[in-house]
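In: what's the 3D shape of this:
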Amino acid sequence: MGVDIGVTLRLSVLDRSHTRQGQSPQRALRETVRFAQQVEALGYHRFWVAEHHSVPGVAGAAPTVLASAIAAATTRLRVGTGGVMLPNHQPLVVAEQFGVLGSLYPDRIDVGLGRSLGFTSGIRRALGRDKDAAEHFGEQLAELLGYLSGRPDKFPGVHAVAAEGLRLPVFLLTTGTGADTAAEFGLPLVIAAAHGDDRMLSTIEHYREHFRPSAWAAQPYVVVARSVAVADTAEQARRLLIPEAWATTYSRTRGEFPPLEPPEQVLAREMSDRERSQFERALRGHVFGTSDEVAVELKELTARTGADEILVTTTAFDPADRLDSYRRLAALPLP
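Out: Presented below is the predicted three-dimensional model:
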């Protein structure tokens with residue numbers, strides 16, 4: 001049931017099923033499945049999909065359903081969620097969904113969990129949740145782990161039948177104090193590196209110091225999530241990041257995350273001072289450059305964090321450019 005500790009750094013993929021200008025959500029989801037097949041051929045370890053509700057620029061709203069399609073289309077790749085947002089769901093239903101996945105695709109399914117809520121009050125109402133739902137995350141997590149382990153404490157006699165007896169690794173996606181929960185429950189930690197190394201490093205250190213061995217992991221396991229872009233030149237790599245940087249800017253200034261636009265279209269925009277500031281901020285904190293430059297940065301990141309695994313996101317407008325970046329990344333000599 002626990003996570004295997006590798007002797008070399010693992011590279012994995014997080015895909016959010018972004019839509020692109022002029023593209024339907026249906027095509028974006030089909031591209032995600034095709035992309036998983038491509039990165040499997042490149043040797044990546046995991047492929048995770050995310051949960052976003054009612055976001056115009058993101059098609060991935062049902063991660064366990066999408067994970068099933070990806071697992072069916074691949075053979076070796078571990079498949080999971082990054083993550084299922086537990087406050088949006090009943091723990092029994094989540095356990096049952098992963099039980100079905102794990103039964104159909106043995107030893108290939110990961111349970112990645114987060115504590116975020118729907119983005120707006122309307123979405124939360126549609127999901128049947130209120131703004132305080134995440135305050136009970138620890139209780140929800142304990143209930144879910146009980147179902148997955150076959151020891152349901154909260155509702156004795158209630159079982160997620162398909163999940164019992166399976167080896168389903170559980171990961172916790174977190175920032176800040178959420179690392180306390182991962183340490184308390186003895187779960188592998190997934191943490192984003194973009195918010196600043198000092199804060200990230202102290203969070204990881206705290207997690208390792210307070211980690212309690214469990215049936216899910218015998219020792220701390222750290223997955224660092226990072227946006228990475230690799231190309232012939234640093235400028236070309238930076239251009240790959242521009243579409244998502246603008247979509248992030250748009251969402252923060254107008255309250256809606258739009259489909260991705262071509263980088264040249266974004267750069268031709270007349271931005272307000274506020275938009276320009278947000279845009280430049282959104283372009284910071286990523287790893288990008290030539291193969292040699294990115295190799296150096298990732299080695300330094302691994303040395304600072306002691307990461308067991310890097311969860312990579314590259315959101316380019318052109319799928320061919322994105323795949324080329326992942327191909328170059330997979331070829332790098334890493335620890």
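
In: got the residue ranges for the strands in the stretch 201-335 of the chain?
Out: 222-230, 287-289, 309-313 (DSSP state E, counting those that start in this stretch).

In: Can you list the residue ranges for helices in the stretch 201-335 of the chain?
Out: 234-254, 263-267, 273-282, 291-305, 319-330 (DSSP state H, counting those that start in this stretch).

In: Could you check the angle the longest one makes with strand 222-230?
Out: The one in question is helix 234-254. Here helix 234-254 runs at an angle of 110 degrees relative to strand 222-230 (axes from the mean of the first three to the mean of the last three Cα atoms, to 10 degrees).

In: could you check the angle helix 319-330 makes with helix 234-254?
Out: For helix 234-254 against helix 319-330, the angle by the same axes, to 10 degrees is 120 degrees.

In: D180 contacts H210, doesn't it?
Out: Yes. Here D180 reaches H210: they are 6.8 Å apart, a contact under Cβ atoms under 8 Å. Just so you know, the C-beta spots here come from the backbone N, C-alpha and C atoms, and that holds for glycine as well.

In: Now do H18 against H286, distance only.
Out: 16 Å (Cβ to Cβ, to the nearest Å).

In: ok, now Q38?
Out: Taken as Cβ to Cβ, the span from Q38 to H286 is 22 Å.

In: Comparing those two, which residue is more hemmed in?
Out: H286 (22 against 15; other Cβ atoms under 10 Å).

In: which element is the closest residue to A73 other than its chain neighbours on?
Out: Distance criterion Cβ to Cβ, 6 or more residues apart in numbering; nearest residue to A73, sequence neighbours excluded, is V33 at 5.1 Å. Per DSSP states H and E, V33 falls inside helix 25-42.

In: got the phi/psi numbers for the residue lying closest to F35 once chain neighbours are set aside?
Out: Beyond its immediate neighbours in the sequence, the residue positioned closest to F35 (Cβ to Cβ, 6+ apart) is D15, lying 6.1 Å away. For D15, the backbone dihedrals (degrees, to the nearest 10) come out as phi -120, psi 130.

In: Which pLDDT value does the model give D15?
Out: Looking at D15, its pLDDT is 97.

In: what sits against it?
Out: By Cβ atoms under 8 Å, 6 or more residues apart in numbering, D15 lies in contact with 32, 35-36, 47-50, 60, 313.

In: how about these in a markdown table, adding pLDDT and neighbour count?
Out: Formatted as a markdown table, the contacts of D15 follow (pLDDT from 0 to 100; neighbours: other Cβ atoms under 10 Å):
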| residue | pLDDT | neighbour count |
| --- | --- | --- |
| T32 | 98 | 21 |
| F35 | 98 | 19 |
| A36 | 98 | 25 |
| F47 | 98 | 26 |
| W48 | 98 | 28 |
| V49 | 98 | 29 |
| A50 | 96 | 22 |
| G60 | 93 | 25 |
| T313 | 96 | 20 |
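
In: can you pull up the bridge partners for the residue nearest to F35?
Out: With DSSP bridges as the criterion, D15 is bridged to V49.

In: Would you enumerate the residues in contact with the most centrally placed residue in the chain?
Out: By Cα atoms, centre = their mean, the chain has its centre lying nearest to G82, at 3.5 Å. Applying Cβ under 8 Å, 6+ apart, we find G82 in contact with 14, 48-50, 63, 112, 114, 173, 190, 225, 311.

In: what's the neighbour count on R10?
Out: With other Cβ under 10 Å as criterion, R10 counts 17.

In: V228 too?
Out: Other residues close to V228 by other Cβ under 10 Å number 26.

In: ok, back up a step: distance to T249 added to the contacts of D15, as a markdown table?
Out: Below are the contacts of D15 laid out as a markdown table (distance: Cβ to Cβ, whole Å):
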| residue | distance to T249 |
| --- | --- |
| T32 | 24 |
| F35 | 25 |
| A36 | 28 |
| F47 | 28 |
| W48 | 25 |
| V49 | 24 |
| A50 | 20 |
| G60 | 21 |
| T313 | 17 |
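
In: Looking at those residues, which one is closest to F279?
Out: T313 (18.2 Å; Cβ to Cβ).

In: Identify the residues contacting the closest one.
Out: Residues in contact with T313 (Cβ under 8 Å, 6+ apart) are 13-16, 225-228.

In: What residues does E261 make contact with?
Out: Counting by Cβ under 8 Å, 6+ apart, the residues that E261 touches are 20-21, 243, 246-247, 317.

In: For it, give its distance to F35.
Out: 20 Å.
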